[in-house]
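J.: Please find the sequence and the predicted model below.
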Amino acid sequence: MSLPQPTLEYVVSADGTRIGFERLGAGPPLVVVHGSTADRSRWAPVAPRLAEHRTLLLVDRRGRGASGDNPGEGYRLGLEARDVLAVIEAAGGPVALLGHSYGALCSLEALLLTDQVERALLYEPPISTPGLPALETRVIERMEQLLAEGGREAALETMLIDGAGVDQPTLDIMRRAPAWAARVQAMPTTIREARQVEQYVLDPSRFAALTTPVRLLVGSESVPFLKAATAAARAALPHSDVVELAGQAHIGMDTAPLLFLDEVLRFLD
């Protein structure tokens, strides 16, 4: 099947920030939101096949890739939820929504702002639970210190290893991926997002009236805090379920792209 040529498009978010996204593929729209240490290029392992089934709107979150930033506004998670909303509205009708890691947290908050999401997939949103903080303060402070010393890559590795529990083989896979350079470049914005994760509290009462079907993805080998976070999200979202990615951890789209694609498409179709 011949697909339309990808286009780079822009919307203006609620605070005036220009948010870029790549429109790719054909079919019903799927808004796709990357995690903290990347830009839209992180979806390269799975985007071509997804684009055979859906029109992808691959978001560059603020401060990344084609998107602008507004540091004078004072960063907060709610701004990112409004950014996701702006892209949803640009689709011109009901959409599906896919968010990974911090992008899943942004997507979760965006669900409260619109009735235009028909269904959503959230892959391991980083949410603290009792005894299992999503990010320890010492890790964030170490990242800040390394960044201040000019060690962007070292700060990134600290977050991935000490924060997300990425093991060395997985880290090697990530280093070889097209998104690695973007991950390194994004460290200043990554740290401000880490502070938001540190402060975030999941309040089930805010989601009690949500009717959107939500599927939560979790790796069978993911670190305990991400498994607990996924369970907490499942308990808070009335119309949700959980699917485990067997043998995978936090980046199944990189380590097992066919498995990831099968689960995403099964839910969407």
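T.: Received the coordinates, thanks.
J.: How far does stretch 176-185 stretch from one end to the other?
T.: Stretch 176-185 has an end-to-end distance of 15 Å (criterion: CA to CA, to the nearest Å).
J.: for the most centrally placed residue in the chain, what are its contacts?
T.: With distances taken as CA atoms, centre = their mean, the residue of the chain nearest its centroid is Gly103 (2.2 Å). Shown in contact with Gly103 (CB atoms under 8 Å, 6 or more residues apart in numbering): Val33, His34, Gly35, Ser36, Val59, Arg61. In this view, the C-beta of every residue, glycine as well, is placed from N, C-alpha and C.
J.: Which of those residues fall within strands?
T.: Using DSSP state E, the subset of the contacts of Gly103 located in strands is Val33, Val59.
J.: now, which of the contacts of Gly103 sits nearest Ala236?
T.: Val33 (19.0 Å; CB to CB).
J.: confidence score at the closest residue to that closest one other than its chain neighbours?
T.: In this structure, Val33 finds its nearest non-sequential neighbour in Gly103, 3.6 Å apart by CB to CB, 6 or more residues apart in numbering. Gly103 carries a pLDDT score of 98 in this model.
J.: ditto for Ile191
T.: At Ile191, pLDDT is 89.
J.: same check, this time on Leu98
T.: pLDDT, Leu98: 98.
J.: now the strands for this protein?
T.: Using DSSP E, strands in the chain cover 7-12, 18-25, 29-33, 55-59, 95-100, 117-123, 214-219, 240-245.
J.: of those, which approaches Ala86 most closely?
T.: strand 7-12 (4.3 Å).
J.: who does the closest one touch, helix- and strand-wise?
T.: With contacts defined as 3 or more CB pairs under 8 Å, 6 or more residues apart in numbering; DSSP states H and E, the packing partners of strand 7-12 are strand 18-25, helix 77-90.
J.: Ok, which of the strands of the chain comes nearest Pro133?
T.: So among those, strand 214-219 is nearest, using CB to CB, at 17.7 Å.
J.: helices or strands up against that closest one?
T.: Using 3+ CB pairs under 8 Å, 6+ apart, strand 214-219 sits against strand 117-123, helix 224-236, strand 240-245, helix 257-268.
J.: what's the most buried one of these?
T.: Compared across the helices and strands packed on strand 214-219, strand 117-123 shows the largest average neighbour count, a mean of 23 (mean count of other CB atoms under 10 Å).
J.: For it, name the packing helices and strands.
T.: So strand 117-123, by 3+ CB pairs under 8 Å, 6+ apart, packs with strand 95-100, helix 102-110, strand 214-219, helix 257-268.
J.: please redo it, this time with the cut-off set to 10 Å
T.: strand 29-33, helix 77-90, strand 95-100, helix 102-110, strand 214-219, helix 224-236, strand 240-245, helix 257-268 (3 or more CB pairs under 10 Å, 6 or more residues apart in numbering; DSSP states H and E).
J.: quick one: pLDDT of Met1?
T.: 58.
J.: Also Ser67?
T.: pLDDT, read off for Ser67, is 97.
J.: And Ser36, by the same measure?
T.: 89.
J.: Surely it touches Arg183?
T.: Yes - using CB atoms under 10 Å, Ser36 is in contact with Arg183, at 8.9 Å.
J.: So between the two, which is more surrounded?
T.: For Ser36 versus Arg183, neighbours defined as other CB atoms under 10 Å are more numerous around Ser36 (29 against 26).
J.: For that one, give its distance to Glu80.
T.: Going from Ser36 to Glu80 by CB to CB, to the nearest Å gives 10 Å.
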